[in-house]
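[1] next comes the sequence, and after it the predicted model I'd like to discuss.
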Amino acid sequence: MAWRNEYADSLHKVLIDTPNGTIECVGGSYAGVPFFVEEAETSGGREVVSTPLPFSETHVNEDVGKKVRSFPIKFYLVGADCESKRESLEEAFNKEGAFELVHPHYGRFNARCSAYSLSFKKDEQEYIAGEATFVPEQDPKETASSVEDLRGIAIEKSDAVLDNSQSVFIESFDVAGKAKAIVDSVANFTVGILDMITEARSSVRSVSEFVNTVSQIRENISIALMTPADFSSRIQQILTMSADVVAREDAANEYVRESLSVIKSIISKDRSTAYASADELSEKISRLVLMSSAAMVSKSVVDCHFDSAEESREMQDSISETFSAAAGVVDSIDDYVNLMDMQAVALKYLRNEMSNLAVVVEYPMNGTRDILSTCFDCYGSLDRVEDILNRNGICDPMTITPRNLRVLSK
């Protein structure tokens with residue numbers, strides 16, 4: 001099944017240290033509790049009952065239906081909070097009902113845990129190994145192919161990450177009691193962040209609401225830093241302000257590209273100052289911006305419009321490259337899992353959409369033509385005149401010399 005390999009290929013691999021050495025893992029989760037997966041298996045087939053025929057050496061095979069598939073996985077919990085994750089995971093394992101399983105090869109589907117085991121030793125800190133077997137509520141192949149489900153999943157996951165990013169920032173960011181030099185250093189870093197966002201958000205940078213929000217943060221930046229809830233809300237406001245204010249068909253496409261640009265900029269931005277505590281606070285602001293922007297990429301990609309499969313593929317490549325780079329710099333396991341989860345859903349959605357799109361083909365022109373007759377011959381209408389001109393860089397629409405034009409297949 002090609003869709004399984006595509007999902008697995010889209011996941012970013014990470015090396016983790018275990019008492020038995022370094023191993024390569026990918027992210028997974030159950031009931032929202034993240035973990036690292038080293039090995040995953042599956043089993044299935046048909047339930048066949050074989051009945052020997054009396055007084056003969058033959059038998060009859062009776063097919064009574066499909067076997068219930070099972071998905072055993074070997075996973076790890078690491079980090080300072082692995083004990084709390086273990087408690088949440090065990091609670092979900094033992095609770096009646098089905099929960100969402102994020103599987104490294106089969107994507108997302110609801111499943112029940114039929115068995116699990118955990119192993120830990122008193123001399124091993126911040127590390128727990130385990131194995132679990134899951135039984136799906138329905139065949140994951142059927143649920144994974146639903147574009148509507150993927151759209152809903154992308155939006156729901158993005159909203160959850162936005163909420164989480166803000167709540168974590170509010171809980172962990174505090175400049176109260178810090179020296180003036182520390183606050184000034186963080187304030188200067190924030191001004192750089194605002195400049196970076198303004199530069200990236202070309203679609204809304206002239207919108208009054210955007211301009212006013214940025215100005216309010218700049219003018220009272222030291223005071224804004226004292227109120228993490230209000231500060232994070234305003235930062236997310238300028239990051240999530242939709243391009244709906246611009247009545248263009250490709251507004252969502254531009255918004256995704258802007259959000260990807262913010263992620264790339266925040267990854268490469270220098271956070272080092274003369275004060276370690278200022279660096280730590282600046283890192284929290286960077287995390288808020290990075291995760292909020294990533295959430296809006298996943299949330300907005302379902303509204304993108306593409307004229308060709310080639311354009312969709314370019315968007316896929318850009319998302320994959322940017323999210324993989326982001327996953328390589330985040331410190332939190334939760335952030336890593338959320339990034340890979342959002343990336344996988346976005347890429348799967350785009351691949352499904354791409355199957356219905358036209359592809360770019362070559363249209364041979366053996367003589368000099370004008371754009372109107374050429375467009376009508378290709379499409380039977382004049383609706384794509386501008387597309388042909390832009391796609392082929394034609395300067396003189398009335399005199400197109402013999403060449404192979406790049407046009408859409410439908």
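    Structure received. This is a predicted model, so every value here is computed, not measured.

[2] next SSE after the helix or strand containing residue 259?
    Assigned by DSSP states H and E, residue 259 belongs to helix 251-268. For helix 251-268, the succeeding helix or strand toward the C-terminus, using DSSP H and E, is helix 276-300.

[3] against which helices or strands is the helix or strand following that next one packed?
    Next in sequence after helix 276-300, counting helices and strands by DSSP H and E, comes helix 309-327. Counting contacts by 3 or more CB pairs under 8 Å, 6 or more residues apart in numbering; DSSP states H and E, helix 309-327 packs against helix 251-268, helix 276-300, helix 333-354. The C-beta positions use only the backbone N, C-alpha and C, and glycine is treated the same way.

[4] now do the helices in this protein.
    Taking DSSP state H as the test, the helices found in the chain are 2-10, 82-94, 140-144, 147-172, 180-200, 208-219, 221-226, 228-240, 251-268, 276-300, 309-327, 333-354, 371-379, 385-392.

[5] which of the ones you listed comes out lowest on mean pLDDT?
    Mean pLDDT across these is lowest at helix 2-10; the value there is a mean of 40.

[6] residue 326 contacts residue 262, correct?
    No: using CB atoms under 8 Å, residue 326 makes no contact with residue 262, being 10.7 Å away.

[7] any common contacting residues for the two?
    residue 290 (CB atoms under 8 Å, 6 or more residues apart in numbering).

[8] how close does residue 189 sit to residue 213?
    Distance of residue 189 to residue 213, computed by CB to CB, to the nearest Å: 18 Å.

[9] I meant residue 78, not that one.
    With CB to CB as the criterion, residue 78 and residue 213 are 39 Å apart.

[10] ok, back up a step: tell me the angle the helix holding residue 259 makes with helix 180-200.
    150 degrees (axes from the mean of the first three to the mean of the last three CA atoms, to 10 degrees).

[11] list the buried residues in helix 251-268.
    If you call a residue buried by 16 or more other CB atoms under 10 Å, then helix 251-268 has these buried ones: 251-266.

[12] what's the answer for stretch 306-317, then?
    So, applying 16+ other CB under 10 Å, buried residues of stretch 306-317: 306, 307, 308, 309, 310, 311, 312, 313, 315, 316.

[13] which residues does stretch 384-404 contact?
    307, 360, 362-372, 374-375, 378, 405-408.

[14] only the buried members of those residues: can you turn that into a ChimeraX selection?
    Only the buried members of those enter the following ChimeraX selection, criterion being 16+ other CB under 10 Å:
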select :307,363,369,371,374,375,378,405,406,407,408
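
[15] now intersect the contacts of stretch 384-404 with the strands, please.
    360, 362, 363, 364, 365, 405, 406, 407, 408 (DSSP state E).

[16] which ones are touching the third one?
    For residue 363, the contact set (CB under 8 Å, 6+ apart) comprises 374, 378, 404, 405, 406, 407.

[17] now the fourth one
    For residue 364, the contacting residues are 404, 405, by CB under 8 Å, 6+ apart.

[18] cool, and residue 377?
    Contacts of residue 377 (CB under 8 Å, 6+ apart): none.

[19] for the helix holding residue 259, name the packing helices and strands.
    helix 180-200, helix 276-300, helix 309-327.

[20] now the angle from the first one to helix 276-300?
    Relative orientation of helix 180-200 and helix 276-300, computed by the same axes, to 10 degrees: 20 degrees.

[21] can you give me the buried ones in helix 180-200?
    182-187, 189-190, 193-194, 196-197, 200.

[22] CA atoms only: put stretch 368-388 into CSV for me.
    The C-alpha coordinates for stretch 368-388 follow below in CSV (Å, rounded to 0.1, in the frame of the first residue of the first chain):
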residue,chain,number,x,y,z
THR,A,368,3.6,31.4,-35.0
ARG,A,369,0.3,31.9,-33.1
ASP,A,370,-1.5,34.4,-31.0
ILE,A,371,-2.4,33.7,-27.4
LEU,A,372,-6.2,33.7,-27.9
SER,A,373,-6.3,31.0,-30.6
THR,A,374,-3.7,29.0,-28.7
CYS,A,375,-5.7,29.1,-25.5
PHE,A,376,-8.9,28.2,-27.2
ASP,A,377,-7.2,25.2,-28.9
CYS,A,378,-5.8,24.0,-25.6
TYR,A,379,-8.9,24.4,-23.4
GLY,A,380,-11.9,25.2,-25.6
SER,A,381,-12.2,28.6,-23.8
LEU,A,382,-10.3,31.7,-23.1
ASP,A,383,-10.3,31.3,-19.3
ARG,A,384,-6.6,30.3,-19.1
VAL,A,385,-5.0,33.0,-21.2
GLU,A,386,-3.3,34.6,-18.2
ASP,A,387,-2.1,31.2,-17.0
ILE,A,388,-0.4,30.4,-20.3
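
[23] regarding this structure, what is its longest strand?
    Longest strand in the chain, counting by DSSP E: strand 107-119.

[24] check which helices and strands it sits against.
    Strand 107-119 packs on helix 82-94, strand 99-103, strand 127-136, helix 140-144, helix 333-354, going by 3+ CB pairs under 8 Å, 6+ apart.
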